[in-house]
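Q: predicted model and sequence follow; I will ask about them next.
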Amino acid sequence: MLVKTFGSAVYGIEATTITVEVNILPGTKYFIVGLPDNAVKESYFRIESALKSCNYKMPRQQVVVNMAPADIRKEGSAYDLTIATAILAASGQIEAEELDKYLIMGELSLDGTLQPIKGALPIAIQARKEGFKGFILPKQNAREAAIVNELDVYGIESIAQVAGFFNGDTKLEPVVVNTREEFYNSLSNYDSDFSEVKGQENIKRALEIAAAGGHNVILIGPPGAGKTMLAKRLPSILPPLSLYESLETTKIHSVAGKLSTADALVTVRPFRSPHHTISDVALVGGGGNPQPGEISLAHNGVLFLDELPEFKRSVLEVMRQPLEERRVTISRAKFTVDYPSSFMLIASMNPCPCGYYNHPEKECICPPGVVQKYLSKISGPLLDRIDLHVEVTPVNFSELSSERKAEASELIRERVIKARDIQIARFGDKPDLHANAQMSSQMVRDICKINAAGQNLLKKAMEKLGLSARAYDRILKVARTIADLAASEEIQLEHLAEAIHFRSLDREGWAG
C-alpha cells in the first residue's frame, strides 16, 4: 500500500515542504531514496526500536521510502516521525485518511518518545501558507509553532499518541498561544538598567546617540572602567521590537535551535556576546548544512565584541560586508541561503596591551610604538564602519559612593523612541530604512546638509584627524541623529562638533 505523509526542510529561514512516500512490497529489504544524509538513513534503527517499544510492528517486507523533491538534500533526524507514521499507515496499523491534512515532524528516541526539532516556526508558517489543517510536532516545540494562527498545532510526547490520534482513539488538544498578549507582556523584560550605573554620563550620552540612530560604537578604556557593564545595558534603551521584528528574530533563533521550551516569541532585542576565539563561520554563519551565525542571531539587536583586538583578523574582516548590507549570503555549489543580519555592533578594547594608556592615575608601561601597533590589529575599513569612538575613563570614588539615583533606561528610551519616530517619518517612503545609520551616501548628501560654518569646521577636523571619505559620511549621520534627539530640523554647529568629538579616537588622531 502506498501512503504519503508530509514533512519540511529548512533552508536559511524559509521552509520547503517535503513529501514522504512509503510503499510496502514483497521482499525483505529497507530502501530510503531522495537524497537523504546519514542521519536520515539511520532513522530505520530508531523507527524500528520506537515502534516495538510502543507495541507496533516494523513490516517484515520490502519497505521503500521516497523523499520528494529528490533534488533537495534531506538532513537531520527530524523526519523520523514523518517516516514512521507513513510506515504505520502503509502497513495498515493506523488509518491513512487524514494524513494529507497534517504536516508531521519529530525525532524519535528508541522508546518512542520525541526529541525537539529545529526550525518549528518557519515550518509552521509554510504549513499554513500551503493550507495544511494542522502541524504535529514534539511537545517541546509546540508553543513556538503555535504563534502561527489559523493552524492547529499539536504537541505530542510519543509516537503512540500520533497513532492513537489518527485511529481516533486519542483526542489531542491544539496548543493555543495568544501571540499579541505574549508579545506585549514581555516587551520590556530586561535584567539590567542604566539607573544602576554610577557616573559615566558622557558614555551614556554616546550610547543614547547610538541607540537613537542605530550607530555602531567602540568603547576604549582601561580594565574595570565599565565597558562591558555599559554595553550590556544598551538593549534596554533601544526601541521595543515591533511584532514583525519579533517574528523575524524568532524565526532565526528557531532555525538555530536557540529557543527554550518556555518561549514562544523573542520579545526583547537580542544581545549576543561571542568569545574572541570564535571562528569566522561561527560568526557569520555557514557550515556543510548552513546555520545562522552570531551576527544573524543578533539581528534586530546588539552584537557585542569584547576585547576586539583579540579576535582573529580574518573573523573581523568577514564582518565588513554584513555591516554594510545588513544581510549575509552563504553560497554553496547547489544552493544559496540568505540570513538577515541587521544588528548594532558595540565593541570594546583596552587602549594598549597593558591597558593603561591615557589613564588618569596609572602609568602605561608599553614600549614606544606598541599602542599604535595594538590599535592596528583592527583594520582601517572596519574602524571606519564604526560611527562612534568613545574613550571610557574610570569612575572616581565620589561618584561611586554617591547615593544619587542615575537616570533610568525607561527615560532614555523615551527620548530614543522620539528620535526614531522622526527618522521613520523621514524615511516613510523607504520601508527598509528605519534609522539614520542605514542611509546611503546619496541620502546623506540630500538629508544631512550643513551650512558654510559647519563645512569649515568639518574640513578642519578631517584634515587634523586624517579621516577617510567614509568617516565624513559617518560624522554627518551622527550629527543628524544628535539633531533628531534635540528635535532640530537643521544640523547645528554644536551637533556637528559633538559628532566630530566621537571620531576623536580615530587611527591617526588618537595614538599618535
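A: Looks like it came in fine.
Q: after the host helix or strand of I83, which helix or strand is next?
A: Of the helices and strands defined by DSSP states H and E, I83 is found in helix 80-90. Counting by DSSP H and E, the element after helix 80-90 in chain order, helix or strand, is strand 102-104.
Q: residues contacting that following strand, please?
A: Outside of strand 102-104, the residues within contact range by CB atoms under 8 Å, 6 or more residues apart in numbering are 5-8, 17, 81-82, 85, 123, 127, 132-137, 162. C-beta here means a position set from N, CA and C on the backbone, and glycine is covered the same way.
Q: if we can go back for a sec, could you pull out the buried residues of the helix holding I83?
A: Within helix 80-90, the residues that count as buried by 16 or more other CB atoms under 10 Å are 80-90.
Q: with stretch 331-338 instead?
A: In terms of neighbour count (16+ other CB under 10 Å), stretch 331-338 has its buried residues at 337-338.
Q: and H389, what helix or strand is that in?
A: Assignment of secondary structure by DSSP H and E places H389 within strand 388-391.
Q: which helices and strands does that strand pack with?
A: Here strand 388-391 touches helix 201-213, strand 217-220, going by 3 or more CB pairs under 8 Å, 6 or more residues apart in numbering; DSSP states H and E.
Q: from the chain's centre, how far out does that strand sit?
A: A distance of 25 Å separates the centroid of the chain from that of strand 388-391, by CA atoms, centre = their mean, to the nearest Å.
Q: in a markdown table: the helices and strands packed on strand 388-391, plus mean pLDDT.
A: Supplementary listing: the helices and strands packed on strand 388-391 in a markdown table, determined by pLDDT from 0 to 100:
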| stretch | mean pLDDT |
| --- | --- |
| helix 201-213 | 93 |
| strand 217-220 | 92 |
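Q: wait, G168 sits on E95?
A: Yes: with contact defined as CB atoms under 8 Å, G168 counts as touching E95 (7.3 Å).
Q: ok, back up a step: may I see the buried residues of helix 80-90 organised as a markdown table, with pLDDT added?
A: Below are the buried residues of helix 80-90 laid out as a markdown table (pLDDT from 0 to 100):
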| residue | pLDDT |
| --- | --- |
| D80 | 96 |
| L81 | 97 |
| T82 | 97 |
| I83 | 97 |
| A84 | 96 |
| T85 | 96 |
| A86 | 96 |
| I87 | 96 |
| L88 | 96 |
| A89 | 96 |
| A90 | 95 |
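Q: which one of G168 and E95 has more residues nearby?
A: The neighbour comparison of G168 against E95 (other CB atoms under 10 Å) goes to E95, with 14 against 10.
Q: from A39, how far off is the more buried one?
A: 29 Å (CB to CB, to the nearest Å).
Q: quick one: the strands in the stretch 251-400 of the chain, in order.
A: Along the stretch 251-400 of the chain, the stretches classed as strands by DSSP state E, counting those that start in this stretch are 271-272, 285-286, 291-292, 302-305, 327-331, 336-340, 344-349, 388-391.
Q: save these as CSV, and put in distance to K198 too.
A: Rendered in CSV, the data for the strands of the stretch 251-400 of the chain read as follows (distance: least, CB to CB, whole Å):
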stretch, distance to K198
strand 271-272, 22
strand 285-286, 39
strand 291-292, 37
strand 302-305, 21
strand 327-331, 38
strand 336-340, 37
strand 344-349, 18
strand 388-391, 17
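Q: re the thing from before, dump the strand holding H389 to PDB, restricted to CA.
A: Coordinates of the C-alpha atoms in strand 388-391 are reproduced here as PDB (Å, rounded to 0.1, in the frame of the first residue of the first chain):
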ATOM      1  CA  LEU A 388      31.200  56.400  17.500                       C
ATOM      2  CA  HIS A 389      34.600  56.000  19.000                       C
ATOM      3  CA  VAL A 390      34.300  56.600  22.800                       C
ATOM      4  CA  GLU A 391      37.000  56.800  25.400                       C
END
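Q: partner strands of that strand, with direction?
A: Under the criterion DSSP bridges, strand 388-391 sits next to strand 217-220 (parallel) in its sheet.
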